[in-house]
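>>> sharing a model that was predicted from the sequence below.
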Amino acid sequence: METISSTSPLPSPTASNGGSRLRGFALISVLISLMLTLLLEALDQTIVGTALPRIIGNLQGFDRYTWVVTAYLLASTAMIPIVGKLSDQFGRKWFFIVGVITFLAGSALSGLSQTIDQLIIFRALQGLGAGTGIALVFTVVADIFPPAERARWQGIFSAVYGFSSVVGPTVGGPLLGNLVTDTTRWRWVFYINLPLGIIALIALLVYLPANISVRSNRHTGWAAIRRIDFLGALLSSGATVCLLLGLTWGSNQTYDWNSPQVIGVLVAADVLLIVFFIAERFAAEPLLPLDLFRNQVFSAGTGLAMMQGSVMLPLIIYLPLYLQVVLGQTATDSGAVITPLTISIVIGAAMSGFIIAMLKRYQMITILSALVLGFGMFLMTQMTATTSLLVAGRNMVIVGIGLGAFFPVTTLAVQNALPRTRLGVGTGSVRYLQALGQTLGLAIVGTVVNNVIASDIATRLTRQEVQQLTPEGIKYAVAIQHGFMTVLLFCGGVLLSALFLRDVPLKSREDVERS
């Protein structure tokens, strides 16, 4: 077996099943294509939301306003655990290829939409493809690199994901503002995915080996199809859709939290989830093998991913609102002012990946990152209407470094603790729970903010703040501060999960090939 120098800036990895070795231009092409795919699919989670008011002005259908975003979220989240498991059974390349094609088709059709109903349907199609890509990008990276080499690459890919998640509202709103004012040019919000996506698709078709992964399914034909956990997929999708619908309806105040609609879908989610776990005990190839939860690293890692998501999305949504409404920045300026958070997340993710690659361990960096994140979030809870942009920027840097450092840890730790035949289901579980955590965190923080706004909060402000703020600023000043306090509580959950994330030395290439 050819050895690979640890000092090489771009190691030549072997597929973990001993298959085709990626070298040189082929390796670079695959990695860039994976990054492009992740960037576009993660960006579309948030970019459309801020551009949507002008799109709705053209297509009408304001009563279905939120469904354009919700349809994408529901489809992508529901797809993640399903495709993760199927890729373990049947191999990853062609699921990935079909996912990219589906995403690009959904993008093109969304741009061609003539009605709001068409846009909602095509956004759901886009979400199906995006869920496939988000589930498999990090899994394919795991197929290419063993854990000891993977850490630095997971850090880079995580930085791409973090960057696209945070920068989406800025790109979708102020930077594309001129593009979405015209009745036809707004469609380029979707068409922009096509040229980059097609380049990535061609590179993956040509250079990604079909035998890149180890298949857990030794059956062929009808016997292989019969082992697919159709019931588990149906129950999992149903539970995910019901849960996300309930949380979205309640947090967006579409319906009251105690309304029959919200209570009904949340109860349905609980029932479907219980039935799902019962069904998984008897499935030949369960979508989520329950014995995974006996693995402490898997349990702690997926819990950490969920808590990380609960911190990230509320922060991304409410920080620009604080900058605009409370500190008086314009929409364009707030996009620029949030740059310290964006850059520090990227730096934190990249640094974490390289440090873990050097130390071959991750628990200490995880605990330190949790402490940094908690400290930065505490500083954010102290921000008021009189806080300067310099202080706000300092706090964003601290939070961003702490938050970014988690991105490579959760996926890497879980992958390192599982056999190669379970890389898909393990990685899919991490991405799925992170997506659920984002929705859950946003629902809780949104409820807190809305409840505080509805109360008499002006009495809680100093005279100087009342004189400085607009009436709208007075409403939001204390409300967003309470929202940040809620996020700080989630940071406590992050630290607790980090403490339980047992340190397992990262496997070398030789360890992987012997396993």
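Cool, got the structure.
>>> element containing the residue nearest the centre of the chain?
Closest to where the C-alpha atoms of the chain average out (CA atoms, centre = their mean) is A435, at 5.3 Å. Assessed by DSSP states H and E, A435 sits inside helix 423-454.
>>> tell me what that helix is packed against?
Packing partners of helix 423-454 (3 or more CB pairs under 8 Å, 6 or more residues apart in numbering; DSSP states H and E): helix 67-90, helix 116-144, helix 230-251, helix 296-321, helix 407-417, helix 471-500. Yep, even glycine has a C-beta here, placed from its N, CA and C like the rest.
>>> re earlier: for the residue nearest to the centre of the chain, give me its contacts.
A435 is in contact with L73, S76, T77, I80, I134, G309, counting by CB atoms under 8 Å, 6 or more residues apart in numbering.
>>> one more time with 10 Å, if that's ok
45, 73, 76-78, 80, 131, 134-135, 240, 244, 305-306, 309, 313 (CB atoms under 10 Å, 6 or more residues apart in numbering).
>>> give me the lowest-pLDDT entry from those.
Confidence by pLDDT is poorest for Q45 among these, given 69.
>>> any chance you could map the helices in the stretch 151-300 of the chain?
Secondary structure of the stretch 151-300 of the chain (DSSP state H, counting those that start in this stretch): helices located at 188-191, 193-207, 221-226, 230-251, 260-280, 296-321.
>>> of those, flag the one that's most buried.
Across those, averaging neighbours per residue (mean count of other CB atoms under 10 Å) puts helix 296-321 on top, at a mean of 24.
>>> I355 is in contact with I365, isn't it?
Yes: I355 is in contact with I365 according to CB atoms under 10 Å; the separation is 5.6 Å.
>>> can you list residues touching both of these two?
A151, A405, P408.
>>> can these go into JSON lines with extra columns for distance to G250 and pLDDT?
Shown next, in JSON lines, are the shared contacts of I355 and I365 (distance: CB to CB, whole Å; pLDDT from 0 to 100):
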{"residue": "A151", "distance to G250": "39", "pLDDT": "81"}
{"residue": "A405", "distance to G250": "32", "pLDDT": "89"}
{"residue": "P408", "distance to G250": "33", "pLDDT": "85"}
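>>> now tell me which helix or strand of the protein has the poorest mean pLDDT.
Across the helices and strands of the chain, mean confidence by mean pLDDT, DSSP states H and E is lowest for helix 463-468: a mean of 52.
>>> what's the closest of the shared contacts of I355 and I365 to N451?
A405 (32.2 Å; CB to CB).
>>> how near is that closest one to A413?
A405 sits 13 Å away from A413, taking CB to CB, to the nearest Å as the criterion.
>>> go on, G483?
29 Å.
>>> please apply the same query to Q434.
Computed with CB to CB, the distance linking Q434 and A413 is 13 Å.
>>> among the two, which residue is more densely surrounded?
A413 (30 against 27; other CB atoms under 10 Å).
>>> just checking, that one touches Q363?
Yes: at 8.4 Å, A413 and Q363 qualify as touching, with contact defined as CB under 10 Å.
>>> name the residues contacting each of the two.
V297, A300, I356, L501, R502, D503, V504.
>>> got a list of what the first one touches?
When you say that, I think you mean V297. Contacts of V297 (CB under 10 Å, 6+ apart): 362-363, 413-418, 426, 500-504.
>>> any chance of CSV for these, columns distance to A349 and pLDDT?
Formatted as CSV, these follow (distance: CB to CB, whole Å; pLDDT from 0 to 100):
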residue, distance to A349, pLDDT
Y362, 13, 89
Q363, 17, 89
A413, 15, 91
V414, 17, 91
Q415, 16, 89
N416, 17, 88
A417, 21, 88
L418, 22, 88
G426, 20, 91
F500, 22, 91
L501, 17, 89
R502, 22, 87
D503, 20, 84
V504, 21, 83
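>>> so which of the contacts of A435 comes closest to I278?
Within the contacts of A435, the smallest distance to I278 is 17.1 Å, found for T240 (CB to CB).
>>> burial count for the residue lying closest to that closest one once chain neighbours are set aside?
Distances taken as CB to CB, 6 or more residues apart in numbering place A78 nearest to T240, at 4.4 Å, with adjacent residues excluded. A total of 22 residues lie near A78 under the criterion other CB under 10 Å.
>>> and A78, what is it in contact with?
By CB under 10 Å, 6+ apart, the neighbours of A78 are 127-128, 131, 233, 236-241, 244, 432, 435.
>>> would you reformat those as a markdown table and include distance to G400?
Below are the contacts of A78 laid out as a markdown table (distance: CB to CB, whole Å):
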| residue | distance to G400 |
| --- | --- |
| G127 | 27 |
| L128 | 31 |
| G131 | 26 |
| A233 | 36 |
| S236 | 33 |
| S237 | 34 |
| G238 | 36 |
| A239 | 33 |
| T240 | 29 |
| V241 | 32 |
| L244 | 27 |
| Y432 | 24 |
| A435 | 20 |
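>>> can you check the pLDDT for N17?
N17 carries a pLDDT value of 43.
>>> for I4, same thing?
36.
>>> kindly report the same for S352.
pLDDT, S352: 89.
>>> now it: how far from R92?
25 Å.
>>> V504 falls within a strand, correct?
No: checked against DSSP: H, G, I helix; E, B strand; the rest coil, V504 lies outside a strand; its state is coil.
>>> got a list of what it touches?
Here V504 is in contact with P147, N295, Q296, V297, K360, R361, Y362, Q363, A413, N416, A417 (criterion: CB under 10 Å, 6+ apart).
>>> ok, these vs A370, which is closest?
Nearest to A370, judged by CB to CB, of the contacts of V504 is Q363 at 10.7 Å.
>>> does the closest one really touch A498, like I thought?
Yes: taking contacts as CB under 10 Å, Q363 lies within contact range of A498: 7.5 Å.
>>> intersection of neighbour lists for these two?
With CB under 10 Å, 6+ apart as the test, Q363 and A498 both reach A300, V409.
>>> more neighbours: which of those two?
The neighbour count for Q363 versus A498, taken as other CB under 10 Å, is higher for A498 (28 against 20).
>>> ok, that one - contacts?
Going by CB under 10 Å, 6+ apart, the list of residues near A498 reads 300-301, 303-304, 307-308, 362-371, 373, 406, 409-410.
>>> let's go with 8 Å and repeat that
With CB under 8 Å, 6+ apart, A498 has these contacts: A300, L304, Q363, T366, I367, S369, A370.
>>> and of those residues, the nearest to M396?
S369 (15.7 Å).
>>> apart from its chain neighbours, what residue comes closest to that closest one?
A405 (3.7 Å).
>>> any idea how far the one you found lies from A357?
13 Å.
>>> pick out whichever of those two has more residues nearby.
Between A405 and A357, counted using other CB under 10 Å, A405 has the larger neighbour count: 29 against 21.
>>> measure that one to F354 for me?
Counting by CB to CB - A405 and F354 are separated by 11 Å.
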